[in-house]
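Undergrad: Pasted the sequence and its predicted model underneath.
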Amino acid sequence: MPKLPIIPSDALTQTGQVAGPQRTLRAAQFADLGFDTLAVRAGQHRTNEHEHSEALFLTSSFTYNSAQEAAQSFDGTLFGANIYSRFSNPTIQMFEERLAALEQGERCVAAASGMAAILSVALAFLAAGDHVICSRAVFGTTTSVFEKYLTKFGVITTFVDLTDLNQWQQAMRPGKTKLLFCETPSNPLAEVADLRALSALAHQHGALLVVDNCYCTPALQRPLALGADIVVHSATKYLDGQGRALGGAVVGSDKLMQDVFLVMRACGPSMSAFNAWVFLKGLETLKLRMQAHSQSALALAQWLEQHQAVERVYYTGLPSHVGHELAKTQQSGFGGIVSFVVKGGRAAAWQVIDSTRILSITGNLGDAKSTITHPATTTHGRLSVEAKQAAGITEGLIRVSVGLEDYADIQADLARGLNVLG
Ligand SMILES: *Cc1c(COP(=O)(O)O)cnc(C)c1O
């Protein structure tokens, strides 16, 4: 049996920033390997030191043996030589190749944060006069990018209901609409978009479908296989999974990613090598973690659904959820985020939150540590009353990102406040 294709250091210079035949060959070599094998092995470059774990290249620039070699590196005749870590760094490349393999994309471009990834997609594929259709239920800051900043450059966005295909169709402006953007399942209410239908609509009009896959990660859902053109990630969440570092990524075809790469090179919203190393290690346990998150989240959703103090539970793993059947056709698991509405509005919700001893009160999600959030006054606090109502963000709504603690302890932590209410 030949060894897995770990690239020795003297070949590093051939696997640089430009997608080439070798990268394609390696993707093909990985094709028959399972997800967990890829998560642990894909993309590793081993140096002459023969290190077992992935090396961390904390260097901003790279050196050459001669003036001529430098010149050839800069003009591209020395193919793929590392130049500068804003756009080429071996540790970042390892992360990119590993995530590309997991998402079943040809190429990945890493970014400094999830927002940097989304901005890079916008810079790569939109120009003044272009039109975007975006689901209303996206990460709040994503809305700001489209609504507040891209409008400054003449890009107009129409916001539609994630699950209402009619609204997507009606918003389409033939010849102008270049991008459809969504997140599925949405956060915090776990609405599910029909990715196959959205991709058909986008392609019928020559537009790209971009999916933020932060909630499920490739361990539970692979949008590219369902017809999406581009996947974006906030690596800050589950890809790290331990709340340590900010990062983002864009995944898609070699052709599309070359445009995103050129944005990264010129505009510089690039990932740090240190963070890439953290995420590489995070990816190794991604599926194990997502399965554990999903298992505890399902148990919690089922328990909450029968609790007297709870009015409603939003979790796609529950047959009562409107997106359950569709989620089953797109996802191999239901994820770690459970939202529920307590009877008694804000006062009751705050009481449940303040009664917890283990869960962290924070706006973040996707961590080994369970987190609890009151969306109406934090993550969605800046929305107008009407906008909150339209988005289903009621005063009694609580979001829990279920972590990796013992399930019984998570449930008991919530039971303390809930049992007083009901
Ligand atoms: C957090 C988040 C982002 C933004 O990512 P950052 O890494 O914080 O910039 C984008 N999309 C979703 C779904 C997120 O949860």
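TA: Nice, thanks for sending it over.
Undergrad: So which bits of stretch 264-282 are buried?
TA: 264-265, 269-273, 275-280, 282 (16 or more other C-beta atoms under 10 Å). Placement of C-beta: from N, CA and C, glycine included.
Undergrad: burial of the residue lying closest to M172 once chain neighbours are set aside, as a residue count?
TA: Among residues not flanking M172 along the chain, H205 sits closest, at 5.6 Å (C-beta to C-beta, 6 or more residues apart in numbering). If you count neighbours by other C-beta atoms under 10 Å, H205 ends up with 16.
Undergrad: H205 contacts P174, doesn't it?
TA: Yes. If you go by C-beta atoms under 8 Å, H205 and P174 touch, sitting 5.7 Å apart.
Undergrad: Nearest residue to L201 in space, ignoring adjacent ones along the chain?
TA: W168 (5.9 Å).
Undergrad: Now the one you found, what are its backbone angles?
TA: Torsion angles at W168 (phi, psi; degrees, to the nearest 10) stand at phi -60, psi -40.
Undergrad: Report whether the expected contact of it with Q204 is present.
TA: No. Using C-beta under 8 Å as the test, W168 is too far from Q204 to be in contact (11.2 Å).
Undergrad: Which one's more surrounded, these two?
TA: Ranked by neighbour count (other C-beta under 10 Å), W168 and Q204 place W168 first, with 24 against 11.
Undergrad: how far away is the closest residue to the ligand within the stretch 201-350 of the chain from T184?
TA: Nearest to the ligand in the stretch 201-350 of the chain, going by C-beta to the nearest ligand atom, is S234, at a distance of 3.0 Å. According to C-beta to C-beta, to the nearest Å, S234 and T184 sit 15 Å apart.
Undergrad: Of these two, which one has the most company?
TA: Legend: neighbour count by other C-beta under 10 Å for S234 and T184, higher for T184 (32 against 28).
Undergrad: Let me know the pLDDT of the nearest residue to the more buried one once chain neighbours are set aside.
TA: Nearest residue to T184, sequence neighbours excluded (C-beta to C-beta, 6+ apart): A193, at 4.0 Å. Predicted confidence (pLDDT) at A193: the value is 98.
Undergrad: what mean pLDDT does the helix or strand hosting A122 have?
TA: Using DSSP states H and E, the element containing A122 is helix 114-125. Helix 114-125 shows a mean pLDDT of 98.
Undergrad: again, but for stretch 344-360
TA: Here the average pLDDT along stretch 344-360 is 97.
Undergrad: Identify the residues contacting that stretch?
TA: The contact list for stretch 344-360 (C-beta atoms under 8 Å, 6 or more residues apart in numbering) reads 309, 342, 361, 367, 369-372, 374, 376-377, 394-398, 400, 405, 409-410, 413-414, 416-418, 420-421.
Undergrad: Which parts of the chain are strands?
TA: 7-8, 45-46, 107-111, 131-135, 156-160, 177-183, 208-212, 230-234, 248-252, 310-314, 337-342, 360-361, 371-373, 397-401 (DSSP state E).
Undergrad: nearest residue to whatever residue of the chain ends up closest to the ligand other than its sequence neighbours?
TA: Residue nearest to the ligand within the chain: G114 (2.2 Å; C-beta to the nearest ligand atom). Closest residue in space to G114, ignoring its immediate chain neighbours: S234 at 2.6 Å, by C-beta to C-beta, 6+ apart.
Undergrad: pLDDT score for the one you found?
TA: On pLDDT, S234 comes in at 98.
Undergrad: can you tell me which residues contact it?
TA: 113-115, 117, 139, 212, 214, 247-248.
Undergrad: Of all pairs in those residues, which one is the farthest apart?
TA: Across the contacts of S234, the longest distance by C-beta to C-beta is 15.0 Å; it joins F139 and G247.
Undergrad: how about the helices of the stretch 151-300 of the chain, start to end?
TA: 165-171, 195-204, 217-220, 254-267, 273-284, 286-305 (DSSP state H, counting those that start in this stretch).
Undergrad: S120 - nearest residue in space that isn't next to it in sequence?
TA: Closest to S120 by C-beta to C-beta, 6+ apart is V263, at 4.8 Å.
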